[in-house]
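Trainee: coords below, sequence missing:
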């Protein structure tokens, strides 16, 4: 028996996270199933931005680096994120983009494992991660090579040649989730480091970096953390690695004494050595406001509701549209993150028609419709209505309208 | 005869840039001589930020990557900056921080000159530039070394071992300006590339990259461009180098087809290959608004007023406070940028007292008071009043108050 809309309303009435919806300024009539790609605007963010711009920048001017706490923001916001990923507050810092942070940490890992020439990852990993690792390999003149091994053979491919294993914890299309603790332990057993990309995990599934014995991680600020388009990213380094870690993007903000203006680089103590150039204060304020949408929220509640929403979605799609889509995400909710991908040869056109009908998911080439289920602002009734809209688009062939075939980049 | 306040008022009455002052939301009663470090808030920026946040992000959500032009912003804002530095619109892109962009371009330059093992710069160059080059040298296992040579010997040090010359066009404390065309030509003569840091030049002095035959450049968005604290930076690559240039921070935004989500990196055509991760849209909007403060402004007018303001400052300081400070900036206005540094053993305390009196400059260790003269919003009368305040602080020994000795980082 699949759920009725009344069943959904009953689930929503008992939702312990229902209070969080009011933290977001969602446009009326839109069902937003793309918070896994770009989190929506938190209601508090415009005022936070206005305060940062008009008061701290406009009135405080240069003095606000001290008086408004700008200089400490990367560590302060990092500490705030730490709670969501099972890290200690002094193990996380906000800086640059996920791509840049991945380069820093992969470079550092390779340097920590001299003589090992393999960076291990999987084909189909989030493209920018692979691109950055290719850039690193090329820069090092092939002294390290990027080796891609399908996920079911990664454990076997971990051997003494591997300097660092680089994986995305929750896959960006399928939503499949790796066993972080098991693979980290396996890497450690052969003397390799593990670097996890938490972009599709942070704020979506419980992550326990300390419990998993994790070494290194990076993650994104603009997806489930609701930090705004292109928000700064974060980096994690386990405390035990911090003193020995050196990364090549050694800019002044990561210097032990940035305001001494000496000629020689000396890394800051601790996680601050991951900083590079001057961070955008405005972007940082928006990220801080985004992370604050998790205040008082337990990740266990997020996980329970995420599984409930995404399982409901799969059940409804299969009941109402049998055989139309191929599910590429794990059917077992325990094995997937907080988004679900469906394959359809006309996936692009169907998603365009769905967005036109104000149900916003996204499309990932070549043929995947992707739907994110974000427990802070989505309800079961919205999932029900989204599937009803999808079914209507298929029933009426509305997606065949030529205007839905005009391809645009969809981030 | 040094100028009287009435002389200053007469100069201000004839100022062709006086109209621009109204583009800034400066706090009343403050004389802001630190726009060389952090430009003030443009009056239009809060509304631009609110529109980006509330309309484009809040209402448009993920769709705004296409519909609000987010995806094109790095090239669009880059093209807008190009006019100010004598570059073609397709030679400039906005991305990341100055530090990160310097790493990209220095790496690319080294790769373009295989077998050459020297990166040439000067001691006392802007520290983050040196730190990034040290990070690169270390990353390459010493295959290239950073060689620092005093500026009067740089021309002689340019030889066939040099892959790339990396200099800051206007020095961050002294304000001394290099002859970009002459040194670029000299580098070219020995087969080296030249990479200019324009952080203290852009929007401050006329820069003619094409005219100088420049190869590569980077610059800052938050100083004279008024883009906000930690604004994104820009990078320039001469069109003739773009096709062959490869940089190691090869993130998805610089891919030829970022939305194809393929495993292998393929650089985008042209300047877009300098992009790496997803840029902050909010920070980009503020930068765009900052660059717009130069709309209708000719850099020749900026230069003329800048020289007038800074020469007035030097003359007044020397007339009213003879022998108190040592001028470290060139006395000849043609040879300096748009800021002036004075040395005093108690420079920190004096600057703290001056800021307390609402004349805001900054301090650079160990003993330099630095004053920026930004023609878009400063008047000659303000320069007169600033020197009068400085003289009063010295006359009354007000800077000796213990609270001015409490050191804080000053950016």
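Mentor: Nice, thanks for sending it over. Computed from a predicted model, the values in this text were never measured in an experiment. Residues are numbered from 1 along each chain as shown, chains lettered A, B, ... in the order given.
Trainee: buried sites along stretch A:240-255?
Mentor: A:241-242, A:245-255 (16 or more other C-beta atoms under 10 Å in any protein chain shown). Backbone N, C-alpha and C define where each C-beta goes, glycine included.
Trainee: now check that stretch, is it near chain B?
Mentor: Yes. Legend: contact between stretch A:240-255 and chain B by C-beta under 8 Å from any C-beta of the partner chain is shown at A:246, A:247, A:248, A:249, A:250, A:251, A:252, A:253, A:255.
Trainee: what's near enough to touch the last one?
Mentor: So that's residue A:255. Counting by C-beta atoms under 8 Å, 6 or more residues apart in numbering or on different chains, residue A:255 touches A:265, A:266, A:267, A:268, B:127, B:131.
Trainee: Could you list the low-pLDDT ranges of chain A?
Mentor: For chain A, the stretches with pLDDT under 70 are A:408-411.
Trainee: domains for it, by residue range?
Mentor: The record's domain parsing of chain A by automatic domain parsing lists A:5-42+A:298-405, A:69-294.
Trainee: Span of the longest one from start to end?
Mentor: Read it as domain A:69-294. Terminal residues of domain A:69-294 lie 22 Å apart, using C-alpha to C-alpha, to the nearest Å.
Trainee: coming back round to it: which of the buried residues of stretch A:240-255 fall within helices?
Mentor: Residues from the buried residues of stretch A:240-255 lying in helices, with DSSP state H as the criterion: A:241, A:242.
Trainee: and the two most separated of the buried residues of stretch A:240-255?
Mentor: A:241 and A:252 (22.6 Å; C-beta to C-beta).
Trainee: Tell me how many other residues crowd the closest residue to chain B within the stretch 251-400 of chain A.
Mentor: Using C-beta to the nearest C-beta, residue A:277 is the residue of the stretch 251-400 of chain A that sits closest to chain B, at 2.6 Å. Neighbour count for residue A:277, taken as other C-beta atoms under 10 Å in any protein chain shown: 27.
Trainee: ok, now the one 10 residues further on?
Mentor: Counted with other C-beta under 10 Å, residues neighbouring residue A:287 total 31.
Trainee: Residue A:55: what's its closest spatial neighbour, skipping adjacent residues?
Mentor: In this structure, residue A:55 finds its nearest non-sequential neighbour in residue A:68, 7.9 Å apart by C-beta to C-beta, 6 or more residues apart in numbering or on different chains.
Trainee: just residue A:211 next, same as before
Mentor: residue A:86 (5.8 Å).
Trainee: Give the burial count for the residue nearest to the residue of the stretch 251-400 of chain A closest to chain B when sequence neighbours are not counted, as a bare number.
Mentor: Of all residues not flanking residue A:277 in the chain, residue B:97 sits nearest, at 2.6 Å (C-beta to C-beta, 6+ apart). The tally of other residues near residue B:97 (other C-beta under 10 Å) stands at 30.
Trainee: pretty sure residue B:97 is touching residue B:232, no?
Mentor: Yes. Between residue B:97 and residue B:232 there is a contact at 7.3 Å, judged by C-beta atoms under 8 Å.
Trainee: Quick check: residue A:62 is in a helix.
Mentor: Yes. According to DSSP: H, G, I helix; E, B strand; the rest coil, residue A:62 belongs to a helix.
Trainee: Enumerate the residues of the stretch 101-250 of chain A near chain B.
Mentor: So far as C-beta under 8 Å from any C-beta goes, the stretch 101-250 of chain A lies against chain B at A:103, A:107, A:123-125, A:127-128, A:130-132, A:134-136, A:138-141, A:143, A:148, A:222, A:228-233, A:246-250.
Trainee: Can you select the buried ones from these in PyMOL?
Mentor: This is how PyMOL selects the buried members of these, with burial counted by 16+ other C-beta under 10 Å:
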select buried, chain A and resi 103+107+124+125+127+128+130+131+132+134+135+136+138+139+140+148+222+228+229+230+231+232+233+246+247+248+249+250
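Trainee: Where helices are concerned, which of the residues of the stretch 101-250 of chain A next to chain B count?
Mentor: A:103, A:107, A:127, A:128, A:130, A:131, A:132, A:134, A:135, A:136, A:138, A:139.
Trainee: which ones are touching the third one?
Mentor: It stands for residue A:127. Residues near residue A:127 by C-beta under 8 Å, 6+ apart: B:252, B:255, B:258, B:261, B:262, B:263.
Trainee: and the two most separated of the residues you listed?
Mentor: B:258 and B:263 (13.2 Å).
Trainee: These two: who's more crowded?
Mentor: Set side by side, residue B:258 and residue B:263 show more neighbours around residue B:258, with 21 against 15, by other C-beta under 10 Å.
Trainee: For the more buried one, which non-adjacent residue is spatially closest?
Mentor: Sequence neighbours aside, residue B:252 is the residue nearest to residue B:258 in space, at 4.8 Å (criterion: C-beta to C-beta, 6+ apart).
Trainee: Does residue A:41 touch residue B:58 like I think?
Mentor: Yes. When contacts are counted by C-beta under 8 Å, residue A:41 is listed as touching residue B:58 (3.7 Å).
Trainee: residues in contact with residue A:396?
Mentor: Neighbouring residues of residue A:396 by C-beta under 8 Å, 6+ apart: there are none.
Trainee: Same question for the one 10 residues further on.
Mentor: Contact partners of residue A:406, counting by C-beta under 8 Å, 6+ apart, are residue A:352.
Trainee: and it, backbone torsions?
Mentor: Main-chain dihedrals, residue A:406, degrees, to the nearest 10: phi -80, psi 110.
Trainee: Chain B versus that one, what's the distance?
Mentor: The gap separating residue A:406 from chain B is 11 Å, by C-beta to the nearest C-beta, to the nearest Å.
Trainee: Please tell me I have it right and residue A:357 contacts residue A:391.
Mentor: No. Look at residue A:357 against residue A:391 with C-beta under 8 Å: they stay out of range, at 11.3 Å.
Trainee: ok so, going back, out of the buried residues of stretch A:240-255, name the ones that lie in strands.
Mentor: Nothing among these maps onto strands, per DSSP state E.
Trainee: Name the nearest of the buried residues of stretch A:240-255 relative to residue A:47.
Mentor: In terms of C-beta to C-beta, no member of these lies closer to residue A:47 than residue A:253, at 27.0 Å.
Trainee: The closest one - nearest residue in space that isn't next to it in sequence?
Mentor: residue A:275 is the one closest to residue A:253 (C-beta to C-beta, 6+ apart), at 3.8 Å.
Trainee: which residues in the stretch 151-300 of chain A form helices?
Mentor: Counting by DSSP state H, counting those that start in this stretch, the stretch 151-300 of chain A has helices at residues A:154-157, A:180-189, A:239-242, A:281-291, A:299-320.
Trainee: I am finished for the moment; much appreciated.
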